[in-house]
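Colleague: Sequence first, then the predicted structure, then my questions.
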2 protein chains.
Amino acid sequence: MKLEELPTPSLLVDLDRMERNIAAMAATFADAGLALRPHVKTSKCWEVARRQLDAGAVGFTCSTPAEVAWLRGQGVADLLWAHAPVGPRKVEFAVSTARDGGLTVALDSLDAGRPLSDAAAAAGVTVPFLLEVNTGHARLGVDPDRAVATAAGLAALPGLALRGVMTHEGHVSLESDRGSLERAGAAAGALLVSVAEALRTAGHEAALVSVGSTPGVTSAPFAPGVTEGRPGTYVYFDANQTRLGSCTVDQCALTVLGTVLTVRDDGRVITDAGVKAMSSDTIGAIGSVGVVCDLDGVPLPGVTFFDGNEEHGFLLDDERRLSVGDLVRLVPNHACGTTNMWSHVVPVRDGAAVGEWSIAARH
Amino acid sequence: MKLEELPTPSLLVDLDRMERNIAAMAATFADAGLALRPHVKTSKCWEVARRQLDAGAVGFTCSTPAEVAWLRGQGVADLLWAHAPVGPRKVEFAVSTARDGGLTVALDSLDAGRPLSDAAAAAGVTVPFLLEVNTGHARLGVDPDRAVATAAGLAALPGLALRGVMTHEGHVSLESDRGSLERAGAAAGALLVSVAEALRTAGHEAALVSVGSTPGVTSAPFAPGVTEGRPGTYVYFDANQTRLGSCTVDQCALTVLGTVLTVRDDGRVITDAGVKAMSSDTIGAIGSVGVVCDLDGVPLPGVTFFDGNEEHGFLLDDERRLSVGDLVRLVPNHACGTTNMWSHVVPVRDGAAVGEWSIAARH
């Protein structure tokens, strides 16, 4: 089907670009002897995830019970639920899923571990976990100077089994240039390795040393002693990643197809792709909703996407090249946030839609 | 079911608050002899929409074909699709839906009107439309000084029937205080009425004079000559509307239930309700993701929701009142953007969940 026949807005994935992204990351990790455990949140799409497994991914990283349950249903054996299972519903889910094997969870405190331990012990199940460590992002994650004490406390609880350590080095995105970003990534990886070594010295198991982010994927996994990486966004890339130097625009595989609805005298153009199609992620921070491209996915010179309402995208067309009814392809700031707005994605090859893929596990 | 037994994050609607919001707006409009045509995008939920109809709404405002098709399927007779049907798929949808009556669309240019006219004439259908007028928001909408010429051009096209005028006075939200906001709303209403009168003077039909926004709902509909209002957010209200003076926090009916996952030494608290639960709408503008409340929906003093990642909400807890496992209810900045993140909403009465309602027409 030609792109002109699709409803707008529609979410498109360029298959050639996506396949190149998958192959390149798989080759880099294989060459380095590192395990690649992509974060599935970026696509939430089995057709994409299957290609990542075929290319050599060891399994997936998940954020939510819905992602875990969906991939278990697809038969994926090795899942890291990179979130602390706090609260009765998540504890119950973690224990019942871990019973069948293949699930590892994240913990960063005794307060989070005790209810899980109680439930696991009562069920006669052992739940494997990674100790999440704060290497600078200060989200979940124990601070390094408390890692050994926290690991000791958790390892002493029944029903829990320490497998290693993990971090999300999201703070590297705050660096002002790519060189600093790479150094921050390498430092995060090295810090996590030092925590793993401290745990081993204290007599704990720490076979898995796991880092994860797309901007950090060229640095953090290559700190000697890291065993796996968990990039997510790389499968599609996005406008934020181009700004961080993680990719170029012609590597961005995810776009939103929009139609020009009105053209104003001052060069403003309104499309039907607003923030309910693109997500409003990081609009405030960077002053743009995404990169405006033509139907071939090539950026349109002089056209910027400066703001959005719910169902209206505001473009500025300096050279007055767009008319009512024209189609544009819009590279989102944040691929993962954009996927989350949609139930389907349309695979595109050679400028034509070649199917429709379901987006799963939105909740 | 007790709130403690729900999964987190969950989307909750406080029934008492919502019912009060519906009744109050219906009474205000009835007293003024104005038609109330709520925008359905805020709830996308039949259980909510049905209550609005029962209270006297004449029909609904929709943004998308999915919203129109869903409400048609529910038997709602009178729908305004407040968007220009541009592009072959939307033209076809508008014509086929208008064939059965009850649908009015918006147009603001001859470029948008011609393909619709061609398709309607070919199908032997007349599509009723409102001329969308820019009263200051400069989104869709013809500028007032061109309204008569544009109306004349559109009315001359076969297959189209002008019913009146509409505007979205969204620019009133930019005013710095409530008094200025009310004056801007009244001015937008008066400007739209003057355009309707100019159309009538030129010999056109303009029975419907329709304004729409929640911040403007106390002013714009009451400009003499306006016939209907289209507020949407009022059914739930939200944190943005409290800042605009449209409501108080205790009128906000929509909250996200979250669990505390970790507590850091510096007072930061991480919950499992991030921007995939709350939406990231207007975070940049106001420096907050939402208002943090206790399980009764009462704001927690000293606790702010200052940022979010996808599945992580970052709170600052000045008085160290929150612990791992605690539940919080979070009033979103933007109710409509939040609804759009979810497939279900949980109705709550007297502190307990009393069902689960589907959210429809997300695309």
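Modeller: Arrived safely, thanks for sending.

Colleague: SS state for residue A:164?
Modeller: For residue A:164, the assignment made with DSSP: H, G, I helix; E, B strand; the rest coil gives strand.

Colleague: contacting residues around it?
Modeller: Residue A:164 is in contact with A:130, A:131, A:196, A:205, A:206, A:207, A:208, A:209, A:210, A:227, counting by Cβ atoms under 8 Å, 6 or more residues apart in numbering or on different chains. In this view, the C-beta of every residue, glycine as well, is placed from N, C-alpha and C.

Colleague: if I look at it, how far off is chain B?
Modeller: 19 Å (Cβ to the nearest Cβ, to the nearest Å).

Colleague: which non-adjacent residue is nearest that residue?
Modeller: Of all residues not flanking residue A:164 in the chain, residue A:208 sits nearest, at 3.1 Å (Cβ to Cβ, 6 or more residues apart in numbering or on different chains).

Colleague: Is there a neighbour count for that neighbour? I'd like the number.
Modeller: Residues near residue A:208, counting by other Cβ atoms under 10 Å in any protein chain shown, number 20.

Colleague: interface residues of the stretch 201-350 of chain A facing chain B?
Modeller: Taking Cβ under 8 Å from any Cβ of the partner chain as the contact definition, the stretch 201-350 of chain A meets chain B at A:259-264, A:268, A:270, A:272, A:275-276, A:279-285, A:309-312, A:314, A:323-325, A:327, A:336-337, A:340-344.

Colleague: Produce a ChimeraX select command limited to the buried residues of these.
Modeller: For the buried members of those, the matching ChimeraX selection, counting by 16 or more other Cβ atoms under 10 Å in any protein chain shown, is:
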select /A:259,260,261,262,263,264,268,270,272,275,276,279,280,281,282,283,309,310,311,312,314,324,325,327,336,337,340,341,342
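
Colleague: Tell me which of the residues of the stretch 201-350 of chain A next to chain B fall in strands.
Modeller: A:259, A:260, A:261, A:262, A:263, A:268, A:270, A:314, A:327, A:344 (DSSP state E).

Colleague: ok, back up a step: nearest to chain B, of the contacts of residue A:164?
Modeller: Distance to chain B, by Cβ to the nearest Cβ, is smallest for residue A:131 among these, at 12.6 Å.

Colleague: For that closest one, which three-state class applies?
Modeller: Here residue A:131 is recorded as strand under three-state DSSP.

Colleague: neighbours of the nearest residue to residue A:232 once chain neighbours are set aside, just the number please.
Modeller: Of all residues not flanking residue A:232 in the chain, residue A:39 sits nearest, at 3.0 Å (Cβ to Cβ, 6+ apart). Residues near residue A:39, counting by other Cβ under 10 Å, number 25.

Colleague: pull the CA atoms of stretch A:45-52 into CSV?
Modeller: Provided in CSV are the C-alpha atoms of stretch A:45-52 (Å, rounded to 0.1, in the frame of the first residue of the first chain):
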residue,chain,number,x,y,z
CYS,A,45,6.4,-5.2,19.2
TRP,A,46,7.0,-8.9,18.7
GLU,A,47,8.0,-8.5,15.0
VAL,A,48,10.8,-6.2,16.1
ALA,A,49,11.8,-8.2,19.2
ARG,A,50,11.9,-11.5,17.2
ARG,A,51,14.4,-9.9,14.8
GLN,A,52,16.5,-8.8,17.8
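
Colleague: Average pLDDT for it, rounded please.
Modeller: The pLDDT scores in stretch A:45-52 average 98.

Colleague: ok, and for that stretch, which residues are buried?
Modeller: A:45, A:46, A:47, A:48, A:49, A:51, A:52.

Colleague: try stretch A:89-103
Modeller: By neighbour count with 16+ other Cβ under 10 Å, stretch A:89-103 contains the buried residues A:89, A:90, A:91, A:93, A:94, A:95, A:97, A:98, A:102, A:103.

Colleague: Stretch A:146-155 too?
Modeller: Counting neighbours by 16+ other Cβ under 10 Å, one finds that the buried residues in stretch A:146-155 are A:147, A:148, A:150, A:151, A:154, A:155.

Colleague: Can you tell me how far the fourth one is from chain B?
Modeller: What it means is residue A:151. The gap separating residue A:151 from chain B is 16 Å, by Cβ to the nearest Cβ.

Colleague: In CSV, list the buried residues of stretch A:146-155 along with secondary structure and pLDDT.
Modeller: Shown next, in CSV, are the buried residues of stretch A:146-155 (DSSP: H, G, I helix; E, B strand; the rest coil; pLDDT from 0 to 100):
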residue, secondary structure, pLDDT
A:147, helix, 98
A:148, helix, 98
A:150, helix, 98
A:151, helix, 98
A:154, helix, 98
A:155, helix, 94
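
Colleague: follow-up on the earlier one: quick check, pLDDT for the residue nearest to residue A:164.
Modeller: Residue A:208 carries a pLDDT value of 98.

Colleague: for residue A:283, same thing?
Modeller: Looking at residue A:283, its pLDDT stands at 69.

Colleague: burial measure for the nearest residue to residue A:273 once chain neighbours are set aside, as a count.
Modeller: Leaving aside its sequence neighbours, residue A:273 sits nearest to residue A:258 (Cβ to Cβ, 6+ apart; 3.3 Å). Residues contacting residue A:258 under the criterion other Cβ under 10 Å number 29.

Colleague: right, and residue A:258 touches residue A:270 too?
Modeller: No. Contact between residue A:258 and residue A:270 fails when scored by Cβ atoms under 8 Å: they sit 9.8 Å apart.

Colleague: ok so, going back, what phi and what psi does the backbone show at the residue nearest to residue A:232?
Modeller: Phi and psi for residue A:39, reported as degrees, to the nearest 10, are phi -80, psi 130.

Colleague: Can you name the residues that contact it?
Modeller: Residue A:39 neighbours (Cβ under 8 Å, 6+ apart): A:60, A:61, A:62, A:63, A:82, A:212, A:230, A:231, A:232.

Colleague: at 10 Å what do you get?
Modeller: Going by Cβ atoms under 10 Å, 6 or more residues apart in numbering or on different chains, residue A:39 touches A:60-63, A:67, A:80, A:82, A:168, A:212-214, A:230-235, A:336, B:310.

Colleague: Backbone dihedrals for the residue nearest to residue A:178 when sequence neighbours are not counted, both of them.
Modeller: Nearest residue to residue A:178, sequence neighbours excluded (Cβ to Cβ, 6+ apart): residue A:245, at 3.9 Å. Note on residue A:245: its backbone torsions stand at phi 80, psi 10 [degrees, to the nearest 10].

Colleague: hmm, back to that, next, show the common contact partners of residue A:258 and residue A:270.
Modeller: Common neighbours of residue A:258 and residue A:270 (criterion: Cβ under 10 Å, 6+ apart): A:312, A:313, A:315.

Colleague: Out of those, the closest to residue B:348 would be?
Modeller: The nearest member of the shared contacts of residue A:258 and residue A:270 to residue B:348, counting by Cβ to Cβ, is residue A:312 at 32.4 Å.

Colleague: Parallel or antiparallel, list what pairs with the helix or strand hosting residue A:347.
Modeller: In this assignment (DSSP states H and E), residue A:347 forms part of strand A:344-349. Its sheet considered, strand A:344-349 pairs with strand A:10-14 (parallel), strand A:352-353 (antiparallel), strand A:357-358 (antiparallel) by DSSP bridges.

Colleague: Measure how buried the nearest residue to residue A:354 once chain neighbours are set aside is and give me the count.
Modeller: Using Cβ to Cβ, 6+ apart and skipping the chain neighbours, the partner closest in space to residue A:354 is residue A:347 (5.3 Å). Neighbour count of residue A:347, defined by other Cβ under 10 Å: 19.

Colleague: any idea how far residue A:347 is from residue A:298?
Modeller: Distance, residue A:347 to residue A:298, using Cβ to Cβ, to the nearest Å: 19 Å.

Colleague: ok, now residue A:64?
Modeller: Relative to residue A:298, residue A:64 is positioned 35 Å away (Cβ to Cβ).

Colleague: more neighbours, these two?
Modeller: Neighbour count, other Cβ under 10 Å: between residue A:64 and residue A:298, residue A:64 has more, with 24 against 11.
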